Structure formats: structure tokens, C-alpha cells
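>>> Just the structure for this:
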Amino acid sequence: MQSIWNKTTQVSPRKELKEDIVAQNVVIGAGMAGILIAYFLQKKGLEVIVLEADHIAGGQTKNTTAKITSQHGLFYHDMIKKAGFQQAKGYAEANEAAIQTYEEIIREEGISCQFERLPSFLYSLEGEGKDRLRKEAEAAKKLGIDACFIDKDKIQELPFEVSGGVRFANQAQFHPIEFIKALAKGITIYENTNALSVHGHVIISDKGRITAENIIFATHYPFLNVPGFYFIRQHQERSYVLVLEGKEVPDELSGIYYGIDKGGLSLRSAEGKLLLGGGSHRTGKKVCHCEKIGYSYLREQAQKYYPNAKETASWAAQDCMPHDRIPFIGKYSIFRPYWYVATGFQKWGMTSSMIAAMIISDQISGKKNPYAAVFTPQRLLFRAGIKNLCLDIGESVAGLTKGLFGKKEERCTHMGCHLTWNEEEKSYDCPCHGSRFDQEGKVIDNPAQKHCKNI
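From the prediction side, this is the model:
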């Protein structure tokens, strides 16, 4: 299943690493975060190379819905309550700055990538949703975001009646592969070069050794468990997208939409088509057929609201979900001051990638970044994430226990958790940390690095 972005744009392939090398800065991962970090480092006059196990933008970047927004669901009211006003304000300001920085780069570099400023909306179909939306609008506004509550009569272009909404002004959307294709031209990137392990300043890849002053992990999910312990600080979720075309499908929506209800839908337009998203669930989690998840749920919704539409593409994305809902950006661990990490982007990878580039490039160049403290991986926000931490520990214990007593060929090669069969996507998925394998046992999503033999 190929995303609309890959169907319309291809990035020219790069050579693989051929020999041992030495570099000032090495970024592992050539997705949006990795390329932006490398771009910012180069702009600061620093040497940098990028290692990519597959192809440029071949991981999660190609599967984004490409919304560039500080609107992150029902987020700010809850964050103020659990993490404090200053933490929430820093988060809001960082995301607003990320949107602005995308626009500046696109203008300065002359990139044609369908970048468009437009409002982003939260909405609810339920009566009780209005109160939650009002609180979110008030919280966002207090934090400096241009946001306001709107009545249902102000949202008319959706195929269903809503109870109310929150309008975030001056958000954006774009074509991510067109953007990354232009940005990657001036960056040294080695494709088909898989980083297998890192020891101090040395990266061991399947194509050679790379010695670096600084190492940046931009691999979506960190593949090293120690130090950092990111495998107990987040889980992974899958979400789905359908592309719809037809006379009853709007050629262009005037905004981006995100439903806050259980089973809520995400909608945006692109190239005269409608992107219908939703159906999220924890990766590898077995659920009953009544759950509102996956492609089957989205197709049911498409048939309900756009019965004569034609489905022309579909794909799924995988997202790292930190317990306190804040990405981990900055120093990988106090024990490795020359390692850096960017992970835990939830479903907001575009703004989070830009924030990662701003913070990490500043830290490496010795400049103080105003948002670094908000996203530091060394933070301790127990109140904000304790519930999710307990849930994740429970899921991991269950998965590890099943793996210990189950068949060897059904264990994840990351930590040995029991794999579950994903009928909709025809893959074996790990409910502990989100690794995924195809029907032949080949790794298709990390943190696992080794293929699963005899699956």
C-alpha cells in the first residue's frame, strides 16, 4: 500500500557506504527529522552525514498526512493541569515556531511542495464534547495560540453535523516528499546502510564503521535499549488513511479537521482528493471486532458519508506515544553527552521534526535553545504520564510472558515478546514495543533490527 506522496514524487537514490569513515556529526535516519537536523547543522557551518537503512523518506515520513499544526487534539487543557502552565506554553510556542520555520525554509529555498496556510479544526459529534472543546480553546488561547471556540453552524463542509469546534488559525499542510526531496539535495546521505550498533563514538553498520564526534538517533524509535530506556517510556500506535475521489467528495477543504470523539475522523484535502484518516489502535494489540479501528472501520465510514466515492489509495502510519504526550528531543542520556535523540512524536511528526532540528542543532553548536527544557529526555513528569506508564508496563509484561512460554518463531527479535497476527495488514506485530514483521519475517518497523526466522 503506497501513500499519495510516494505515488506522485520519487527521491533519487543515493549510494551506500563503501568504507570506514570519520565525520563530525552523523545522523542515523533519513526521514523528516533526520534530514531537517542535517540541514540545520549544515546551515550552522558544521559537517554532517546521514545514514539510512533503506531509502530517503522510506519510513514513517512517507506515511504522514502532512499536517503542520500546533493543534494536537485535546491537549493543552490537560497539559496545563498535569505539567504546568510554563511547560505547556513552551510546547505551544515551539510548535507555532515550527510552522513559521517551515514557511521560511520553503520561501528561502524556493521549494514547490504545495505548502498552504489554512485553519485547523477540532470537532465533536457529541453534545458533551462542546464543554471539552471550550476548555481546549480557552487553554490554547491563554498559551498564545490564535484559537477560538466556534458553534456548529461555522463548520458546514463536513458530511456530518458537529456539536461545535475549536479553530486554530494559520496552520499549514504540504507535500512532504516534495519538501524533503529539495532539502536533501545538498546533504551527504548514504542509503542502504544499516546502523547495527553504536559504541561510544563509533557506529557499526553493515557497510563499515563510522566514527563521529556527535551521533543523532532519528530512527523513529531508538534501536538501542540502554542507556535511555526508551522502550519503557513509550509505546507505538497505528493509524490509517484512505484517499477518496469522486463527484460527492470535495475537491478542496478550507481547513484541516480532527475529531476528538472515540473513533473520530481526520480529514484534509490534497491534489483534489480527500484524505480520510483514523482507526488508531496500539500496535500488536488484539481487539474485538466491535472496535472502531483499521481500514475496515475507515471504509465503513467512507461508505456511510461518501457512498459513491472511489478509494484510490490507502496506507498506515506508526507513531511513538510517550507517556506524558511530549516528544523526547535532546541528549540521549546523561551517560552519553555526545548522543542525541528525536522520538515520541505521537501523531504530529511534522512540527515535532522541525522542533527536533531546532533544538538538537542548537545544542550541538553550543547555542541555548528556548524550548530544550520542555522536550528534554531527562525530564520527570510523573503526574502527566503515570497512568500511561502503568498501562504500558502491563502490556509489556503480558507480551513478554506469552513470548517466554510460546513458540520461539513467534517472538519479537527486539526483546522476545509474543507477536500477534495483524489480519488487515498481513503482518506480525509486537504489542510491547511496536516492532512489525512481514509474512516472511522481515522487519518492517523498528525497534527490532533482526529478521524473525521461521515465522
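>>> switch to C-alpha atoms for all contacts and neighbour counts from now on
Will do.
>>> where are the low-confidence patches of this structure?
287-290, 381-409, 454 (pLDDT under 70).
>>> can you map out the helices along it?
Per DSSP state H, the chain carries helices over the ranges 4-8, 32-43, 76-83, 85-109, 129-142, 176-184, 294-305, 349-365, 372-375, 382-405.
>>> packing partners for the shortest one?
The criterion is 3 or more CA pairs under 8 Å, 6 or more residues apart in numbering; DSSP states H and E, and the helices and strands that helix 372-375 contacts are helix 85-109, strand 328-333.
>>> can we see that at 7 Å?
Where contact means 3 or more CA pairs under 7 Å, 6 or more residues apart in numbering; DSSP states H and E, helix 372-375 is packed against helix 85-109.
>>> Report the distance from the helix it packs on to the chain centre.
Remark: helix 85-109 is offset 16 Å from the chain centroid, using CA atoms, centre = their mean, to the nearest Å.
>>> buried ones in it?
Neighbour counts over helix 85-109 (16 or more other CA atoms under 10 Å) mark 85, 87-102, 106 as buried.
>>> Residues in contact with that helix: which ones?
The contact list for helix 85-109 (CA atoms under 7 Å, 6 or more residues apart in numbering) reads 68-70, 76, 79-80, 143, 171, 351, 354-355, 371, 374.
>>> Quick check, N63 in contact with S3.
Yes: with contact defined as CA atoms under 7 Å, N63 and S3 form a contacting pair (6.0 Å).
>>> what residues are shared contacts of these two?
Both N63 and S3 are in contact with W315, where contact means CA under 7 Å, 6+ apart.
>>> Who has more neighbours out of these two?
Taking other CA atoms under 10 Å, N63 and S3 do not tie; N63 has more neighbours (23 against 20).
>>> Quick one: residues contacting the residue lying closest to that one once chain neighbours are set aside.
Excluding the flanking residues, the one nearest N63 by CA to CA, 6 or more residues apart in numbering is A317, at 5.2 Å. Listed by CA under 7 Å, 6+ apart, the contact set of A317 reads 60, 63-64, 238-240.
>>> which two from these end up farthest apart in space?
Within the contacts of A317, Q60 and Y240 form the most distant pair, 12.4 Å apart (CA to CA).
>>> Neighbour count: the two, which is higher?
Neighbours were counted for Q60 and for Y240 using other CA under 10 Å; Y240 has more, 25 against 17.
>>> ok, now how distant is the residue nearest to that one when sequence neighbours are not counted from I4?
Closest residue in space to Y240, ignoring its immediate chain neighbours: A316 at 4.3 Å, by CA to CA, 6+ apart. Using CA to CA, to the nearest Å, one gets 12 Å for the distance from A316 to I4.
>>> wait, doesn't P377 sit right on P327?
No: at 8.0 Å, P377 does not count as touching P327 under the criterion of CA under 7 Å.
>>> Who has more neighbours out of these two?
The neighbour comparison of P377 against P327 (other CA under 10 Å) goes to P327, with 28 against 25.
>>> can you pull the contacts of the more buried one?
Contacts for P327 were tallied using CA under 7 Å, 6+ apart; they are 343-345, 375.
>>> Adding neighbour count, write those out as JSON lines.
Listed next are these as JSON lines, based on neighbours: other CA atoms under 10 Å:
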{"residue": "T343", "neighbour count": "28"}
{"residue": "G344", "neighbour count": "29"}
{"residue": "F345", "neighbour count": "23"}
{"residue": "F375", "neighbour count": "22"}
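>>> Count the residues that sit near E424.
Other residues close to E424 by other CA under 10 Å number 9.
>>> wait, I meant F335
Neighbour count for F335, taken as other CA under 10 Å: 11.
>>> From P227, how far out is it?
F335 is 7 Å from P227, by CA to CA.
>>> The residue nearest to A147 when sequence neighbours are not counted pairs with what?
With sequence-adjacent residues excluded and distances taken as CA to CA, 6+ apart, A147 is closest to F168, at 4.5 Å. For F168, the beta-bridge partners under DSSP bridges are S120, A147.
>>> Redo the contacts of helix 85-109 as JSON lines? Include neighbour count and distance to C412.
Below are those laid out as JSON lines (neighbours: other CA atoms under 10 Å; distance: CA to CA, whole Å):
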{"residue": "I68", "neighbour count": "28", "distance to C412": "34"}
{"residue": "T69", "neighbour count": "26", "distance to C412": "35"}
{"residue": "S70", "neighbour count": "27", "distance to C412": "35"}
{"residue": "Y76", "neighbour count": "26", "distance to C412": "36"}
{"residue": "M79", "neighbour count": "21", "distance to C412": "34"}
{"residue": "I80", "neighbour count": "18", "distance to C412": "38"}
{"residue": "L143", "neighbour count": "20", "distance to C412": "42"}
{"residue": "Q171", "neighbour count": "23", "distance to C412": "39"}
{"residue": "T351", "neighbour count": "27", "distance to C412": "31"}
{"residue": "M354", "neighbour count": "25", "distance to C412": "32"}
{"residue": "I355", "neighbour count": "29", "distance to C412": "32"}
{"residue": "Y371", "neighbour count": "21", "distance to C412": "36"}
{"residue": "V374", "neighbour count": "20", "distance to C412": "33"}
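>>> closest to A38 among the contacts of A317?
Q60 (17.6 Å).
>>> Could you list which residues are in contact with the closest one?
317-318.
>>> was I right about R233 contacting M321?
No: between R233 and M321 no contact is recorded; they are 8.5 Å apart, counting by CA under 7 Å.
>>> hang on, the residue nearest to Y240 packs against N63?
Yes: with contact defined as CA under 7 Å, A316 reaches N63; the gap is 6.4 Å.
>>> What is the burial count for the closest residue in space to S361 that isn't next to it in sequence?
Leaving aside its chain neighbours, S361 sits nearest to L41 (5.4 Å; criterion: CA to CA, 6+ apart). Look at L41: counted by other CA under 10 Å, it has 22 neighbours.
>>> before we move on, the earlier item: show the contacting residues for the residue nearest to A147.
With contact taken as CA under 7 Å, 6+ apart, F168 is in contact with 71, 119-121, 146-148.
>>> Distance of it relative to A94?
15 Å.
>>> What of E157?
With CA to CA as the criterion, E157 and A94 are 30 Å apart.
>>> just H199 next, same as before
From H199 to A94 the distance is 32 Å (CA to CA).
>>> again with K7
Distance from K7 to A94, by CA to CA: 32 Å.
>>> got it, and E248?
Relative to A94, and taking CA to CA, E248 is found at 38 Å.
>>> before we move on, the earlier item: now the helices of the chain in JSON lines, with distance to E423?
Below are the helices of the chain laid out as JSON lines (distance: least, CA to CA, whole Å):
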{"stretch": "helix 4-8", "distance to E423": "23"}
{"stretch": "helix 32-43", "distance to E423": "29"}
{"stretch": "helix 76-83", "distance to E423": "35"}
{"stretch": "helix 85-109", "distance to E423": "36"}
{"stretch": "helix 129-142", "distance to E423": "33"}
{"stretch": "helix 176-184", "distance to E423": "29"}
{"stretch": "helix 294-305", "distance to E423": "10"}
{"stretch": "helix 349-365", "distance to E423": "27"}
{"stretch": "helix 372-375", "distance to E423": "36"}
{"stretch": "helix 382-405", "distance to E423": "18"}
